[in-house]
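Enquirer: Quick check, what structure comes out for this input:
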Amino acid sequence: MANQNEHRVTSLEAIREQVGEPIAGVALKVSDAIDEFARTFIAESPFITLATADADGNIDVSPKGDAPGFVHVPDEKTLLIPDRSGNKLVFGHQNILANPHVGVLFMIPGTPETLRVNGRATLTRDPELLEVLAAKGKPALLAIRIDIDRCFFHCAKAFLRAKLWKPGTWPERKKISFGQMLAPKMGGGDELASAIDKMVDEDYEQYL
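Expert: Purely as a prediction, here's the structure:
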C-alpha cells in the first residue's frame, strides 16, 4: 500500500485542484436567515439530524423526529427544537454547553433535497416555551434554541445515488437487538437478551 501521507490533502488549494471550483451562482443559495422556501420545508419535515461538538471538537450527531413541523420557526433568525424522552445520555446537550456551534439537516420523506442550517445553540427549560413545543399533550423536556448563521438547500445527488427514497431498493428491515448487545456485558444470556428486547419494544409503544 502506498504511503498515505503523500496523498494527504492539507490545503484548500489542493481540495480545489481535486474537486474544482463551485458552479457559477451556486453560492447565491446560501443565506443567513430562514426565507419562505426554507420555512415551508421545515414545516413539512418530520425528521432532522443535529450535529454538535464539544470544546475539543469531538463530534456527535443525534437524530430527532416528530410530526411534521415539530421544529418551530419563531422568526427568520431562530429555530426551536423540542427535546423529548430518549436515552438520557445527553451527549449533545453537554456539547452545547461547551460549544454552541451546531448543524442541522432537515429531511422530508420522498424528497431528495435537504435543508442545512448552521448556528449557535442554547438550552432552555422555560415552561411556557416547553408548552408551546408540546406533543401528544406532553410539554418538551427541554428546548434547543438556535440562532441562525447559515441556511441553504442541499442538492439531491446523495439521495439519488443512495436510492434512499425508492422502496423497491430497500432491503428487509434490519432487526437491531439491544438485548444481544447488552446481555453479555451484564453477565446474562439469551433469557436476559429477550427480556431487554421486550423492554425496548414496550418503551417504543408506550413512551414516544
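
Enquirer: Could you use CA atoms for every contact and neighbour count after this?
Expert: Will do.

Enquirer: Need the residue closest to the centroid of the chain.
Expert: residue 49 (0.6 Å; CA atoms, centre = their mean).

Enquirer: For residue 47, give its distance to residue 152.
Expert: 17 Å (CA to CA, to the nearest Å).

Enquirer: What of residue 73?
Expert: 15 Å.

Enquirer: do the same with residue 119
Expert: Residue 119 is 12 Å from residue 152, by CA to CA.

Enquirer: Please work out how many residues are found near residue 154.
Expert: Residue 154: 16 surrounding residues under other CA atoms under 10 Å.

Enquirer: Any figure for the gap between it and residue 105?
Expert: Taken as CA to CA, the span from residue 154 to residue 105 is 9 Å.

Enquirer: and for these two, which residues touch both?
Expert: 114, 115, 116 (CA atoms under 8 Å, 6 or more residues apart in numbering).

Enquirer: can you tell me which residues contact the nearest residue in space to the last one that is not next to it in sequence?
Expert: Nearest in space to residue 116, with sequence neighbours left out and distances taken as CA to CA, 6 or more residues apart in numbering, is residue 105 at 4.7 Å. The neighbours of residue 105, taking CA under 8 Å, 6+ apart as the test, are 48, 49, 50, 114, 115, 116, 117.

Enquirer: Just flag the most distant two among those.
Expert: 50 and 114 (13.4 Å; CA to CA).

Enquirer: Break the chain into its domains for me.
Expert: As assigned by automatic domain parsing, the chain contains the domains 23-162, 171-206.

Enquirer: Deepest in the core, which of these is it.
Expert: domain 23-162 (a mean of 16; mean count of other CA atoms under 10 Å).

Enquirer: Now the terminal residues of that domain, how far apart.
Expert: With CA to CA, one end of domain 23-162 sits 23 Å from the other.

Enquirer: swap in stretch 40-60?
Expert: Start-to-end, stretch 40-60 (CA to CA) is 27 Å.

Enquirer: those helices in the protein, which residues are they?
Expert: Taking DSSP state H as the criterion, the chain carries its helices at 12-19, 36-44, 91-98, 127-132, 157-162, 178-182, 190-206.

Enquirer: how about the ones you listed, which one is nearest residue 6?
Expert: helix 12-19 (12.4 Å).

Enquirer: Just the C-alphas of the closest one, formatted as CSV.
Expert: Written as CSV, here are the backbone C-alpha positions of helix 12-19 (Å, rounded to 0.1, in the frame of the first residue of the first chain):
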residue,chain,number,x,y,z
LEU,A,12,-7.8,24.5,0.3
GLU,A,13,-5.8,24.8,-2.9
ALA,A,14,-5.3,21.0,-3.0
ILE,A,15,-9.0,20.5,-2.5
ARG,A,16,-9.9,22.8,-5.3
GLU,A,17,-7.3,21.2,-7.6
GLN,A,18,-9.1,17.8,-7.0
VAL,A,19,-12.7,18.9,-6.7
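
Enquirer: And for it, what's in contact with it?
Expert: residue 9.
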